[in-house]
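S.K.: quick one, structure for this:
(chains A and B)
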Amino acid sequence: MAVVIQRRGPELSRDEVCAKHPDVPRLLVLKTDVQRRGVFYTDAALAQLDLERHQVTGTHIFGTRDGRVAARPESLLLRDGSSIITTPTPLEQDPYVVDHVDGRLALVERGTALEEVEYWPRPDYYAKTTRSGLPMRFAVSARPQRLNVFPYRHCHFWNDDEGCLFCDIVPQLRRGKTDLGIPARLDPEDVRESVAEALKEPGRFVGICLTAGSNTRGKAAFDEEVDYYVEILRAIGASFATPRFPSQLIGTAFSEAQLERLHRETGLMSYTADVEVLDERLFGWICPGKARWVGYREWKRRLVAAAGIFGRGRVNTGIVAGVELARPEGFAREDDALDAVLSEADGLAEQGVSTVFIVWSPRPASALGDQRNASLDYYIRLAKGLHALRVEHRLPIDFDDYRHCGNHPDSDLSRLLGALT
Amino acid sequence: MTTPLPDDLKTLLSSPDTLKVLATVGPDGEPHAVLDPSIHLDAGGRLVYLELLESSRTQRDLVASLWFDRPVTLMVTGRGRTWRIAARAWKAHVAGPLFRRHYERIRAERPAADLAAVWLIEPVAVTEETDAVRRARQEAERPFFIHLDRLART
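M.R.: Alright, predicted model coming up:
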């Protein structure tokens, strides 16, 4: 389903945004705008995709803006070594074009090549299958320097029609099962085998990230989610000689007892619970499941508690930036949204919890799929604001930087910093 | 665009005995320099610098060079000659075949070492800085800078 998305009134152009923010690199502005507008691959660009050398879309936990499930480049590498995590987008939505120009892949806008890019290199283990017969790329997917494990692709909030309004995880789960044969729930042994195989590739990976849909079941809410994460993390940990290994769990906001268990019983080194939108009223609208099962204030309180368990600079929360402007409940003015978000993020930062953002990518299978994201200037101001909070509060973000994620323009800026300890 | 280097300089760069100092400037304007005999040219005429530590000053400064088009300088000294290469960071390889090749070689040579990035640095200008060449250049271009006793009859 193609959706024609109208933007809000006049916006600063990319060049104007660069001129307004000379302290932000042009490459980061471009990266952010590509995340904002998406990409369209020309036939010439797709002809350069070599399945033996390049990584194609893997586990498809979230959908694309053009609504297609197809083998396309997973994403793009930039000259500075960072990635653009982006989604194929129909031409009528004005995406950047990835084309093959003068012998190189390039981001192109209105016929002008702006920046050379590369497809992500395919990891060695993508060619292999586990003993159970599952392609390892379905058990563990890869970014240029990170392993991703999506062990459970269902989110129980959707059972009561309380999924987050920007999210399409459950529609994608259905497509993944039907179109690709990806299991909804991974066997820890498949994960163990895949990680062990991935680690044989020298110099490829610097971290492992786990994320899944929320599972409300258990004696205490989310106990079963934690049980499963413990099982998966132990399976992963079997490949390491050290008790802890660089890793990030993006989960629900767990209770102290659940967090302590994760820290005590696994090698997990960092923890993320995405609040998605930093405003109590909008949280209730946009994240009804999270609001009912945990609540906004309790979500934040648990994040702060997690910082006491995992340590300052090892806990953060993610927001889907721009969704706070969604109609009809969102902020009407970007300035008001920015003030609100940064004020809330400041409150978390002073208690040891970072905030990072991803650019909201409205996907057609989500409830807000026909809406638009924010202006480029908004995202750059947000990146600067969140980065400045980390500097002010001396909060390192090494576990969620350009190597360990690559999807946060704000944490890319930390590359210019020394140690924040 | 990559500036081609003279053959004598290329020869010097290919030798591990040559002194090679990479000087960078931080985001705050603070200068920094590292001595690294492994710096070399690739087939495309770009300088290759292997940064072992993600947290190093040079790594940050090279990011700043790439992001903000800031200059870096490589001083090259050997066989009685010195060269200065003005350059800019062009690309950081963090994954892929080039990165892996260097990673495996470094790990084989130094088992405790890691590799953060393989930097490609683009020369934009080159000047010879050998003492005799610099002196001759000054005497030709800035004749008022010489002490008179050096010009006096003996």
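S.K.: can you give me the helices in the stretch 301-421 of chain A?
M.R.: With DSSP state H, counting those that start in this stretch applied, the stretch 301-421 of chain A shows helices at A:334-349, A:376-392, A:409-412, listed in chain order.
S.K.: pull the distance from the last one to the chain's centre.
M.R.: The one in question is helix A:409-412. Between the centre of helix A:409-412 and the centre of its chain there are 12 Å (C-alpha atoms, centre = their mean, to the nearest Å).
S.K.: that one close to chain B?
M.R.: No - using C-beta under 8 Å from any C-beta of the partner chain, helix A:409-412 never reaches chain B; the gap is at least 9.4 Å. Quick note: C-beta positions are derived from backbone N, CA and C, even for glycine.
S.K.: got the contact list for that helix?
M.R.: Applying C-beta atoms under 8 Å, 6 or more residues apart in numbering or on different chains, the external contacts of helix A:409-412 come out as A:28, A:31-32, A:35, A:82, A:356-357, A:359, A:379-380, A:382-387, A:397, A:400-402, A:405.
S.K.: next, the contact list for residue 23, please.
M.R.: The chain I'm using is chain A. With contacts defined as C-beta under 8 Å, 6+ apart, the neighbours of A:Asp23 are A:Lys384.
S.K.: not quite, go with chain B.
M.R.: Neighbour list for B:Ala23: B:31-33, B:72-75 [criterion: C-beta under 8 Å, 6+ apart].
S.K.: sorry, back to before: of the helices of the stretch 301-421 of chain A, which stretch is the most buried?
M.R.: Comparing the helices of the stretch 301-421 of chain A by mean neighbour count (mean count of other C-beta atoms under 10 Å in any protein chain shown), helix A:409-412 ranks first with a mean of 28.
S.K.: can you pull out the strands in chain B?
M.R.: Chain-ordered strands for chain B, with DSSP state E as the definition, fall at B:19-25, B:31-35, B:40-41, B:47-51, B:72-78, B:81-93, B:117-128.
S.K.: oh sorry, the question was meant for the stretch 1-150 of chain A
M.R.: Per DSSP state E, counting those that start in this stretch, the stretch 1-150 of chain A carries strands over the ranges A:39-41, A:76-77, A:83-84, A:96-101, A:104-109, A:112-116, A:118-119, A:141-142, A:146-149.
S.K.: so can I have a markdown table of these showing mean neighbour count and distance to chain B?
M.R.: Rendered in a markdown table, the data for the strands of the stretch 1-150 of chain A read as follows (neighbours: other C-beta atoms under 10 Å in any protein chain shown; distance: least, C-beta to the nearest C-beta, whole Å):
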| stretch | mean neighbour count | distance to chain B |
| --- | --- | --- |
| strand A:39-41 | 22 | 20 |
| strand A:76-77 | 24 | 7 |
| strand A:83-84 | 24 | 9 |
| strand A:96-101 | 21 | 16 |
| strand A:104-109 | 20 | 12 |
| strand A:112-116 | 16 | 8 |
| strand A:118-119 | 22 | 7 |
| strand A:141-142 | 24 | 9 |
| strand A:146-149 | 22 | 10 |
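S.K.: reformat those strands as a markdown table; add mean pLDDT.
M.R.: Conversion of those to a markdown table gives the following (pLDDT from 0 to 100):
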| stretch | mean pLDDT |
| --- | --- |
| strand A:39-41 | 94 |
| strand A:76-77 | 96 |
| strand A:83-84 | 93 |
| strand A:96-101 | 97 |
| strand A:104-109 | 97 |
| strand A:112-116 | 97 |
| strand A:118-119 | 96 |
| strand A:141-142 | 94 |
| strand A:146-149 | 96 |
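S.K.: close to chain A: what parts of chain B are there?
M.R.: Taking C-beta under 8 Å from any C-beta as the test, the list of chain B residues beside chain A reads B:27, B:54-55, B:57, B:60, B:63-64, B:66-68, B:90-97, B:99-100, B:103-104, B:107, B:115, B:117.
S.K.: buried among those? Make that a PyMOL selection.
M.R.: The PyMOL selection below is limited to those of the residues of chain B next to chain A classed as buried (16 or more other C-beta atoms under 10 Å in any protein chain shown):
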select buried, chain B and resi 27+54+57+60+63+64+66+67+68+90+91+92+93+94+95+96+99+100+103+115+117
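S.K.: nearest to chain A among the contacts of B:Ala23?
M.R.: Of all the contacts of B:Ala23, the one sitting nearest chain A is B:His32; the distance, using C-beta to the nearest C-beta, is 11.6 Å.
S.K.: and that closest one, how far from B:Leu62?
M.R.: According to C-beta to C-beta, to the nearest Å, B:His32 and B:Leu62 sit 10 Å apart.
S.K.: picking that back up, filter the contacts of helix A:409-412 by proximity to chain B?
M.R.: Near chain B, by the rule C-beta under 8 Å from any C-beta, you find A:Leu28 out of these.
S.K.: quick one, what contacts the nearest residue to A:Tyr41 once chain neighbours are set aside?
M.R.: If you skip the residues right next to it in sequence, A:Tyr41 has A:Val98 as its closest partner in space, 4.9 Å away by C-beta to C-beta, 6 or more residues apart in numbering or on different chains. Applying C-beta under 8 Å, 6+ apart to A:Val98 gives the contacts A:39-42, A:45, A:73, A:76, A:105-108, A:117.
S.K.: burial count for residue 80?
M.R.: Going with chain A. By other C-beta atoms under 10 Å in any protein chain shown, 23 other residues sit near A:Asp80.
S.K.: switch to chain B, that's the one I care about
M.R.: Other residues near B:Gly80 come to 8 when the count uses other C-beta under 10 Å.
S.K.: ok, now B:Leu12?
M.R.: As a burial measure, B:Leu12 scores 21 neighbours (other C-beta under 10 Å).
S.K.: B:Arg79 is in contact with that one, correct?
M.R.: Yes - with contact defined as C-beta atoms under 8 Å, B:Leu12 reaches B:Arg79; the gap is 6.6 Å.
S.K.: among the helices of the stretch 301-421 of chain A, which is nearest A:Gly203?
M.R.: helix A:409-412 (21.4 Å; C-beta to C-beta).
S.K.: could I get the average pLDDT for the closest one?
M.R.: Per-residue pLDDT values over helix A:409-412 give a mean of 97.
S.K.: got the CA coordinates for it in CSV?
M.R.: Taking only C-alpha atoms (Å, rounded to 0.1, in the frame of the first residue of the first chain), the coordinates of helix A:409-412 have been written out as CSV:
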residue,chain,number,x,y,z
PRO,A,409,21.9,10.5,15.3
ASP,A,410,22.3,11.8,18.9
SER,A,411,24.7,9.1,20.0
ASP,A,412,26.7,9.4,16.8
